[in-house]
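1. Provide a 3D model corresponding to the input given below.
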Amino acid sequence: MSSNQEKILNLYSGGTEENRDIKSRYSGMEFYYTKKILSKYIKKNSDVVEIGCATGYYGMHFANSCKEYVGIDLCSDNIDAFNVKINNSVMKNLRAEVGDATCLHNVADKSFDVVLCLGPMYHLPDEERESAFKECKRIAREGAVIAFSYINGIGVYAGACANDKWRSIYPNKNTNKHVFEYKTDDEKPGVFFFTSPEEMEETAKRQGLEVLENHGLDFLFFASAVDMMSDEKYGCFLELTDRMCENRFCTGLANHALLICKNTK
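-> Now for the predicted structure:
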């Protein structure tokens, strides 16, 4: 069980994650690029599980593209909301249940072709992040694709320093200590945890996973400008972020990032 479970449940109770993708143009970029990257790995014959499924955003999007889609989330409010969507839909290959990424005791070994861990890494310290990696590998079939989303400490901090909303506050010594030493958010310590592309890839390799791709999804220092752009400018901007997302050297400057691995053992 994750050590900060109560803090996570308090954060997400009441459906606070619902509609995060449409709160602003910038907030939608994480979802846009996650879908774009994952779409090439989810096939019609794939059994897919998403750990940290929230209220079912990706499940509702990908269910028609796979054989089975199972959503698992720590927060029962999220699962309740997801189940309402499932019951109101015509899709029969969707189900959702409560579970903990660090101990998926209800999930059998080698059950899935695609394992999506799209949230737990945001909230787990190093040791518990390792446990989640082990569980993802355990439930993945040989040759399965495993995807991990995560928050870059350097990317989110650098972005906050440049962002119109927060640059009057950052940088400061207190945040330096939280981000660089504790690897946690200064405003919500012990709730949000940060890592890096290098650390994520090292953890994957320790678990016997082959690293396939590692992409930055959104870049916080653009956030204020993106939300003020005209539609024409935003269309041009996406051509830039398409290239930044594909460029490995930009990954560490992203706020959210997505690591794609293959279970080879």
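2. For stretch 56-69, give the mean pLDDT please.
-> For stretch 56-69, mean pLDDT is 97.
3. What is the burial count for S13?
-> 12 (other CB atoms under 10 Å). For glycine as for every other residue, the C-beta is placed from the backbone atoms N, C-alpha and C.
4. no no, S65
-> 14.
5. Look up how far N214 lies from it.
-> Counting by CB to CB, to the nearest Å, the separation of S65 from N214 is 23 Å.
6. Also D227?
-> D227 is 27 Å from N214, by CB to CB.
7. For R141, which residues are in contact?
-> Neighbouring residues of R141 by CB atoms under 8 Å, 6 or more residues apart in numbering: 110-113, 263.
8. State whether it is indeed within a helix.
-> No - according to DSSP: H, G, I helix; E, B strand; the rest coil, the state of R141 is strand, so it is not within a helix.
9. Give me the pLDDT for it.
-> With respect to pLDDT, R141 has a value of 98.
10. S65 versus that one, what's the distance?
-> For R141, the distance to S65 - CB to CB - is 18 Å.
11. now the strands: where do they sit in the protein?
-> With strands called from DSSP state E, the chain shows them at 47-51, 68-73, 94-98, 112-117, 140-151, 209-216, 256-263.
12. number of nearby residues for the residue lying closest to G99 once chain neighbours are set aside?
-> Spatial nearest neighbour of G99, excluding adjacent residues (CB to CB, 6 or more residues apart in numbering): I72 at 4.0 Å. By the criterion of other CB under 10 Å, I72 has 26 neighbours.
13. Also H61?
-> Residues within reach of H61, counting by other CB under 10 Å, total 16.
14. same check, this time on K85
-> With other CB under 10 Å as criterion, K85 counts 17.
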